[in-house]
Structure formats: C-alpha cells, structure tokens
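Peer 1: Whatever this is, show me its structure:
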Amino acid sequence: MDRKQGFFAALKEEVVRGLSPGRSRTKSPGRTGSPMSGLLRRRKQSHNQYVANSEPLISRSGSLRPVVGETLTPLMEGPDPDGGEIGESKRSGLGLGHWMKGQLSRAPSVTSAAYRRSDLRLLLGVMGAPLAPVHVSTTDPLPHLSIKDTPIETSSAQYILQQYTAASGGQKLQNSIRNAYAMGKVKMIASEFETATRVLKNRTASKDADCGGFVLWQMNPDMWYVELAVGGSKVHAGCNGKLVWRHTPWLGAHSAKGPVRPLRRALQGLDPRTTASMFADARCIGEKMINGEDCFILKLCADPQTLKARSEGPAEIIRHVLFGYFSQKTGLLIHMEDSHLTRIQSSGGDAVYWETTINSFLEDYRPVEGIMIAHSGRSIVTLFRFGEMAMSHTKTRMEETWTIEEVAFNVPGLSVDCFIPPADLRSGSISEACELPHEERGKSSVALAAHRSKVAALEKAHDGGIDNMIWRMEV
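Peer 2: Residues are numbered from 1 along each chain as shown. This next block holds a predicted model:
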C-alpha cells in the first residue's frame, strides 16, 4: 500500500512539475514564431499604440508578422501524426506531465484522435474555402435600373441591389477601396449524421468543436488570399486574378478548375461590392421572413458553361444555385443559401448524387470606415448522399460560427506579390469535387487523382461505417 501511494505521489509531482508555469517557454530554443499564430493572438492595444508601432505588416503570404519578442507555438501542418489530441500545442519540455494531464482528463481511447482527424478533414474540406457559383469582377459596373422591356423579376432585383449598395455605404465609397483585410475566429463541429433508419447526433457538440481563426486579404482586381487554421490543421487558398489555387495538408497545393470565382467567405458580409456584383444577373423570386425580418429573395444560377468547366471525369456538377435574402427594413444581406448537386458515375454501377447545401446567417452589422460589415454569423452545412438504391441515403450536418475581430481597408504596402501562387503548385487543375487520400499522392497517381472526387472520398468515409465519426445515439 505504501509503495502504491508512493507511486501516485511521484506521479502527481511529475504532473505538477510538468504543468508548472515556472517551466518557461523560452527554454525551447528551437521554437519559431508562426505568422498565422501571431494573427490569431489579437493584441489588445489602443489605436494610438497601433499607429505608433506600425511597421510594414505584410509578408509574402499576406499574413501579419508576430510581435517582436513574443514566442509563439508553431502550427502543425496537418493532424498530429502521433495520435495526439487535435488542437493541442506540441510544446517541448512538458514531457510526461503534459501527456498525463490529457490521459487523466478523459477516458482512454485509442481511436478517438483518428475520429477527430476524420471529422476535421471533412470540416475543412467542405467549409474551409468554398467558392461562389460564378465568376464576377469588381471592375464590372452594376447594371442600371431599367423598367422598359425588362422582366419584373429582373428590374426588382436591380432595385433591391441599389438599396443594398446604398445601405452598405454607397457606391462611391466602395469604389474608393483598393484592398481590404479581415481577421476573425471560427468554431466548427460535425453535429449530426442521418441514415434511412436512424439519426445520430453529437451530444457533446460544445466540447468537441474545433476552434481556430482566419485571415483574409483582398485586392483589386479580383485578387484574394485566405488562411484558415482550425484544430491544428491549416488550409489556405488564393487567387491572383487569373488562377484560383488551394492548399490542404492532404492534397498539397493545386489549382481549381473552372473560371476565377470569388471566395464565398468574402460574401458573408465582408465585401458588399463583390456581393452586389455577384447578384447582378439574379432574379427576385419572392419574399420570406428570416429571423423575424421580412426579406426579398434573389436567385442566381450558374450557367451551363461554368458547370461544365467545373466538372471533370466521373464527377459532373449538375447545378449550383445561390439565394440571397435582403432585409426589407435595412436593405442588408442577412441570409445566404447556396446548393450544388454533383453526380458521380461509378464504372459499372449506379450513379451516386451528392447535394451540398450551405445556409449562412449574417449578423451584427457595424460600420467600418463607412462600410457596413457583418461582424458575426453562423453557417449550417448539409451533405446529402442518395441514388444507389431505395432507402440508402445519408445526410451529414456540420456547423460553423464565426466572429470578425479586425477589418481594415486600403492597407499600405499590400501588393500583387502577396497573391503569387505557391511555387509547388501542381501542374494541371483539379476539380472542386476531387480529393486525394494522403497515401495516394505521388507521381504515379497524378492522372488518377484528376478523376477522384471529393464526394467520392466522403463516400468512402461513410461506406467505412458511421463509426468514422464520434456519434452518440439521440434517445
């Protein structure tokens, strides 16, 4: 008995010593600051202090430099290969104490980390950097309001967009913006999985949510760069005005198929000018109440040429529709819904259909330098798979909430060099419905990779069983 108490006393001492604040982070000389980590740690300074200490903040990737003298934890490029908890910092010097804290705080589970990695890849793959349905350019003028020889649905949409532009700050002010920057925090969770026979819900969504942040840079004409870090993994994407590219830990850097399109996240209350241009060819199809507010509904459909350019191999994008809900009271965009349907034709088998629907609610509009910006919001994403046989459908529900921490316009020093695609960009484009498993990357599989769809990869995860995610039965 004394020996057992002595063991636990020694163990407790090791845990306390491992978690003690006295073990300075500066004892790890090999640590380096991460620009993205510096972004996600917002410095609480007054405006005068910011101006006094302002130095060129723009680096090659469009990120901000970390504070001088502050040592930050480097981001892991991909989930922890050692099976550790997603989102934990890999700090040297914590040793057994840090490991024991994680083991004593939860029931041991060999596969929980693998489940979390599967969830995280699904979340980032779908919600990380989706694009808008069609190509638009901020240099294109908005259509003039016309009633003669114009369908009432079209003229009504033009009038609604004029009201939206005026409510967002006015066209003159928006045209004066050369570039923009935004930084925010996000929280993602895979919340529900449904089959034909049962519904499984994540009963501990608040505990299992993956948290992180993002930074977004935009510059005329049609250039943007986004960096999103969630749960220890990072996704970044960009456009230099001619080419859209994306980088994920499991796919590497690759260009996107189809025409250059805006980032959907920018349309979520951050870029009113691009939003108005996006709906320039939309039609007004009616009215609907959203969260107690009467709204006009504008509908935009991707044209067949764009859909064909975005399709590849066995994955055919059948339709992509975007709905915008504009408040009749304020004129602002408060809800956005887009849905695209993809058909996967397997060799010698029945076609499988995947419908991806994203519902975004934009909230907390506040002016920034005269431009109305939505400072918070939430998105609900549904992946619906059907078509093989009767009663074989599956539905996955994911959620994201975000808040905007900083917004700035006409940032000095921002140049086109900040939007150059990465040097290791793969030759040839990859369809948005294409995703390679990590183990299949290589020179011998590049041709095959062009015909592997993202929805097929998700299908593989589902076919492996619903145990690929941590689900709890809703009683």
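Peer 1: Can you name the residues bridging to residue 293?
Peer 2: Here residue 293 sits in beta bridges with residue 290, as judged by DSSP bridges.
Peer 1: Now do the contacts for it.
Peer 2: Contacts were defined as C-beta atoms under 8 Å, 6 or more residues apart in numbering; by that measure residue 293 touches 327-330, 334. All C-beta atoms are positioned from the backbone trio N, CA, C, and that covers glycine.
Peer 1: what about 10 Å?
Peer 2: Residue 293 makes contact with 325-330, 332, 334-335, according to C-beta atoms under 10 Å, 6 or more residues apart in numbering.
Peer 1: My guess is residue 150 contacts residue 284. True?
Peer 2: No. Between residue 150 and residue 284 there is no contact, the gap being 11.8 Å when judged by C-beta atoms under 10 Å.
Peer 1: between those two, who's got more neighbours?
Peer 2: It is residue 284, of residue 150 and residue 284, that has more neighbours when counted by other C-beta atoms under 10 Å, with 23 against 13.
Peer 1: do you know how far that one is from residue 196?
Peer 2: Note on residue 284: its distance to residue 196, by C-beta to C-beta, to the nearest Å, is 37 Å.
Peer 1: Then residue 400?
Peer 2: According to C-beta to C-beta, residue 400 stands 27 Å off from residue 196.
Peer 1: So what's the residue count around residue 286?
Peer 2: Neighbour count for residue 286, taken as other C-beta under 10 Å: 10.
Peer 1: Run through the bridge partners of the closest residue to it other than its chain neighbours.
Peer 2: Leaving out its chain neighbours, the residue that sits closest to residue 286 by C-beta to C-beta, 6 or more residues apart in numbering is residue 297, at 5.2 Å. Taking DSSP bridges as the rule, residue 297 bridges to residue 286, residue 325.
Peer 1: Quick check: residue 188 vs residue 323, distance?
Peer 2: Distance, residue 188 to residue 323, by C-beta to C-beta: 23 Å.
Peer 1: Likewise for residue 359?
Peer 2: Noted for residue 359: a distance of 9 Å to residue 323, by C-beta to C-beta.
Peer 1: Kindly point out which residues are neighbours of both of the two.
Peer 2: The contact sets of residue 359 and residue 323 overlap at 335-339 (C-beta under 10 Å, 6+ apart).
Peer 1: could I get those residues as CSV with neighbour count?
Peer 2: As requested, the shared contacts of residue 359 and residue 323 are arranged in CSV below (neighbours: other C-beta atoms under 10 Å):
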residue, neighbour count
335, 21
336, 24
337, 18
338, 21
339, 17
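Peer 1: Kindly reformat those as JSON lines containing pLDDT.
Peer 2: Written out in JSON lines, the entries for these read as follows (pLDDT from 0 to 100):
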{"residue": "335", "pLDDT": "98"}
{"residue": "336", "pLDDT": "98"}
{"residue": "337", "pLDDT": "98"}
{"residue": "338", "pLDDT": "94"}
{"residue": "339", "pLDDT": "96"}
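Peer 1: Could you tell me which of these are located in strands?
Peer 2: Helix and strand membership here follows DSSP state E; of those, those in strands are 335-339.
Peer 1: Tell me the one among those residues nearest to residue 373.
Peer 2: residue 336 (15.0 Å; C-beta to C-beta).
Peer 1: more neighbours, residue 400 and residue 196?
Peer 2: Applying other C-beta under 10 Å to residue 400 and residue 196 shows that residue 400 carries more neighbours, namely 23 against 12.
Peer 1: Which strands border the helix or strand where that one lies, and is each parallel or antiparallel?
Peer 2: Assessed by DSSP states H and E, residue 400 sits inside strand 394-409. Taking DSSP bridges as the criterion, strand 394-409 forms sheet pairs with strand 179-195 (antiparallel), strand 371-386 (antiparallel).
Peer 1: Give me the buried positions along the shortest one.
Peer 2: Of the residues in strand 371-386, those buried by neighbour count under the rule 16 or more other C-beta atoms under 10 Å are 371-377, 379-386.
Peer 1: Show me what residue 210 bridges to in the sheet.
Peer 2: Here residue 210 sits in beta bridges with residue 188, as judged by DSSP bridges.
Peer 1: what's near enough to touch it?
Peer 2: Taking C-beta under 10 Å, 6+ apart as the definition of contact, the neighbours of residue 210 are 86-87, 116, 119-120, 123-124, 186-190, 230-233, 400.
Peer 1: Once you drop chain neighbours, what's closest to residue 347?
Peer 2: Leaving out its chain neighbours, the residue that sits closest to residue 347 by C-beta to C-beta, 6+ apart is residue 314, at 7.8 Å.
Peer 1: number of nearby residues for the one you found?
Peer 2: Residue crowding around residue 314 was assessed by other C-beta under 10 Å; the count is 17.
Peer 1: Next: the one 5 residues further on.
Peer 2: Other residues near residue 319 number 14, with proximity taken as other C-beta under 10 Å.
Peer 1: show me where the stretch 351-475 of the chain has helices.
Peer 2: In the stretch 351-475 of the chain, the helices defined using DSSP state H, counting those that start in this stretch lie at 446-449, 454-463.
Peer 1: which stretch in the ones you listed has the least confidence?
Peer 2: Mean pLDDT per stretch puts helix 446-449 lowest among the helices of the stretch 351-475 of the chain, at a mean of 35.
Peer 1: Next, the buried residues of stretch 418-427.
Peer 2: Applying a neighbour-count criterion of 16+ other C-beta under 10 Å, one finds 418-419, 421, 425-426 buried in stretch 418-427.
Peer 1: Same question for stretch 307-323.
Peer 2: Here stretch 307-323 shows 307, 309-317, 320, 322-323 as buried, counting by 16+ other C-beta under 10 Å.
Peer 1: Tabulate those residues in JSON lines, adding columns for secondary structure, pLDDT and distance to residue 271.
Peer 2: Rendered in JSON lines, the data for the buried residues of stretch 307-323 read as follows (DSSP: H, G, I helix; E, B strand; the rest coil; pLDDT from 0 to 100; distance: C-beta to C-beta, whole Å):
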{"residue": "307", "secondary structure": "helix", "pLDDT": "95", "distance to residue 271": "24"}
{"residue": "309", "secondary structure": "helix", "pLDDT": "93", "distance to residue 271": "23"}
{"residue": "310", "secondary structure": "helix", "pLDDT": "92", "distance to residue 271": "22"}
{"residue": "311", "secondary structure": "coil", "pLDDT": "91", "distance to residue 271": "27"}
{"residue": "312", "secondary structure": "strand", "pLDDT": "85", "distance to residue 271": "28"}
{"residue": "313", "secondary structure": "coil", "pLDDT": "84", "distance to residue 271": "33"}
{"residue": "314", "secondary structure": "coil", "pLDDT": "87", "distance to residue 271": "34"}
{"residue": "315", "secondary structure": "strand", "pLDDT": "89", "distance to residue 271": "29"}
{"residue": "316", "secondary structure": "strand", "pLDDT": "92", "distance to residue 271": "30"}
{"residue": "317", "secondary structure": "strand", "pLDDT": "94", "distance to residue 271": "24"}
{"residue": "320", "secondary structure": "strand", "pLDDT": "97", "distance to residue 271": "19"}
{"residue": "322", "secondary structure": "strand", "pLDDT": "98", "distance to residue 271": "15"}
{"residue": "323", "secondary structure": "strand", "pLDDT": "98", "distance to residue 271": "18"}
